[in-house]
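Enquirer: test case, fold it:
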Amino acid sequence: MKKTIVSMLCGCVLAGLLGSATLRAQDGSIVAWGRNNYGQCNVPAPNTGFVAVAGGGSAEIAQGHSLGLKADGSIVAWGANTYGQWNVPAPNSGFVAVAGGGGHSLGLKADGSIVAWGRNSSGQCNVPAPNTGFVAVAGGGGHSLGLKADGSIVAWGANPSGQCNVPPPNTGFVAVAAGYAHSLGLKTDGSIVAWGYNYYGQCNVPAPNTGFTAVAGGGWHSLGLKADGSIVAWGAGGPGQSGPNDHGQSIVPAPNTGFVALAGGWWHSLGLKADGSIVAWGDNANGELNVPAPNTGFVAVAAGYGHSLGLKAHYGDLNCDGAVNNFDIDPFVLALTDPAAYKLKYPNCDIMNGDCNGDGKVDNFDIDPFVELLTP
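Expert: Residues are numbered from 1 along each chain as shown. Below you'll find the predicted structure:
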């Protein structure tokens, strides 16, 4: 019956579409590896139902922590808790995004407010008023960033290097990211603006500064994802650099193609490929580059101080409610027929949850596997 419903909604002929459909297991789990001295790689049970992941920590405090956002809007935190980075303020509900800083944590609420907790030595947890209208959040070593719906960035916390001084014009931003003491913003025109500590050139975006679709900050380096699927990295760890903070984290391995997401750690970098695999480069003193097998099925990446995290897809869960059921039929059809409209309607969901046959695309060949997930 459900197969018929999907068929009618899609206007597709399902009979014989797939002679042998490949079914991907439902998941929504987090995989973590690398430095684990505070248990930052020990994801608490039950390790299911996650829709976003973040990493925190810094060499300054020699600690690392991790965060995961659940489909029910709650945040789970683990790892170092010296400064209360685990202690999500009540009510732990209604969150739509999460970020990790050096020793602090941040969550974005569905009502557009930001909640911050943990280390507050520089006021990095004191969100400036009015605490409304935010659509994205990022955490640095001792500072925090929030992106407003009007395209402006608000920054607060430590500011010795000007990391909280957003360059004018403070308009037209669509994404934010933070390094240890520098900040980055992605503009609507595909350019990146960077400011703050620049000893390693982490604020000098390489030319041509165009065509970027995502941005990330590491300890002392920066990364940008281009529309063509390549990653540009700059700052510490570039070609020919050999200082104490240079570990090759700005040298993207070949082939530099097919990337869809990226993350920066203290001395390492991560790139997520369209096929669901993760590529890692830079420092590997703690095994943070050793992606556990099977290196497949990932939909998001994050990095902290010497550790890495990957989120596995919850295949078939197109409305991000933590389950695969009839309520996913309409969003699945929308993902198939109008991906842009799907991303607008479900901004906190990953459209690749619809890749139910594991071929790296959401298309008609995912219909039979999706129906199997509906009727296990």
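
Enquirer: I'd like the next helix or strand past the helix or strand containing residue 336.
Expert: Counting by DSSP states H and E, the element that carries residue 336 is helix 329-337. Using DSSP H and E, the next helix or strand after helix 329-337 towards the C-terminus is helix 339-345.

Enquirer: which residues of the stretch 151-300 of the chain score low on pLDDT?
Expert: For the stretch 151-300 of the chain, not a single residue meets the criterion pLDDT under 70.

Enquirer: and the stretch 1-150 of the chain, by the same measure?
Expert: 1-26.

Enquirer: thinking again about what came up before, for the helix holding residue 336, buried residues please.
Expert: By neighbour count on 16 or more other Cβ atoms under 10 Å, the buried set for helix 329-337 is 329, 331, 332, 333, 334, 335, 336. For every residue, glycine as well, the C-beta is placed using N, CA and C.

Enquirer: what of stretch 185-203?
Expert: Result for stretch 185-203 [16+ other Cβ under 10 Å]: buried residues 185-187, 190-198, 200-203.

Enquirer: among those residues, which are located in strands?
Expert: Counting by DSSP state E, the buried residues of stretch 185-203 place 185, 186, 187, 192, 193, 194, 195, 196 in strands.

Enquirer: now the fourth one: how far from residue 166?
Expert: Which is residue 192. Separation of residue 192 from residue 166 (Cβ to Cβ, to the nearest Å): 13 Å.

Enquirer: what does residue 107 give?
Expert: In terms of Cβ to Cβ, residue 107 sits 22 Å off from residue 166.

Enquirer: please apply the same query to residue 304.
Expert: Taken as Cβ to Cβ, the span from residue 304 to residue 166 is 25 Å.

Enquirer: neighbour-wise, which of these two wins?
Expert: residue 304 (31 against 20; other Cβ atoms under 10 Å).

Enquirer: which ones are touching that one?
Expert: 40, 55, 56, 57, 64, 65, 66, 79, 100, 265, 266 (Cβ atoms under 8 Å, 6 or more residues apart in numbering).

Enquirer: how about the secondary structure of residue 156?
Expert: Here residue 156 is recorded as strand under DSSP: H, G, I helix; E, B strand; the rest coil.

Enquirer: that one: neighbour count?
Expert: With other Cβ under 10 Å as criterion, residue 156 counts 19.

Enquirer: now do the contacts for it.
Expert: 123, 124, 126, 127, 128, 143, 144, 164.

Enquirer: tell me the bridge partners for the residue nearest to the third one when sequence neighbours are not counted.
Expert: Spelled out, it's residue 126. The spatial neighbour of residue 126 that comes closest, neighbours along the chain excluded (Cβ to Cβ, 6 or more residues apart in numbering), is residue 156 at 6.4 Å. Taking DSSP bridges, one finds residue 144 as the beta-bridge partners of residue 156.

Enquirer: touching, residue 183 and residue 141? I think so.
Expert: No - using Cβ atoms under 8 Å, residue 183 and residue 141 do not qualify as a contacting pair, with a distance of 10.8 Å.

Enquirer: now do the helix holding residue 336: distance to the chain's middle.
Expert: 23 Å (Cα atoms, centre = their mean, to the nearest Å).

Enquirer: swap in stretch 321-335?
Expert: 22 Å.

Enquirer: end to end, how far does it reach?
Expert: 16 Å (Cα to Cα, to the nearest Å).

Enquirer: residue 226 contacts residue 213, doesn't it?
Expert: Yes - between residue 226 and residue 213 there is a contact under Cβ under 8 Å: 6.9 Å.

Enquirer: what sits against the closest residue to residue 313 other than its chain neighbours?
Expert: Among residues not flanking residue 313 along the chain, residue 299 sits closest, at 4.4 Å (Cβ to Cβ, 6+ apart). Residue 299 makes contact with 272, 276, 311, 312, 313, 350, 352, 353, according to Cβ under 8 Å, 6+ apart.

Enquirer: turn the residues you listed into CSV, including distance to residue 370 and neighbour count.
Expert: Formatted as CSV, the contacts of residue 299 follow (distance: Cβ to Cβ, whole Å; neighbours: other Cβ atoms under 10 Å):
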residue, distance to residue 370, neighbour count
272, 22, 23
276, 17, 22
311, 20, 26
312, 17, 23
313, 13, 26
350, 15, 20
352, 13, 21
353, 10, 29
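
Enquirer: next step: the residues you listed restricted to strands.
Expert: 272, 311, 312.

Enquirer: in PyMOL, how would I select the buried members of the contacts of residue 156?
Expert: Those of the contacts of residue 156 that count as buried under 16+ other Cβ under 10 Å are selected in PyMOL with:
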select buried, resi 123+124+127+143+144+164
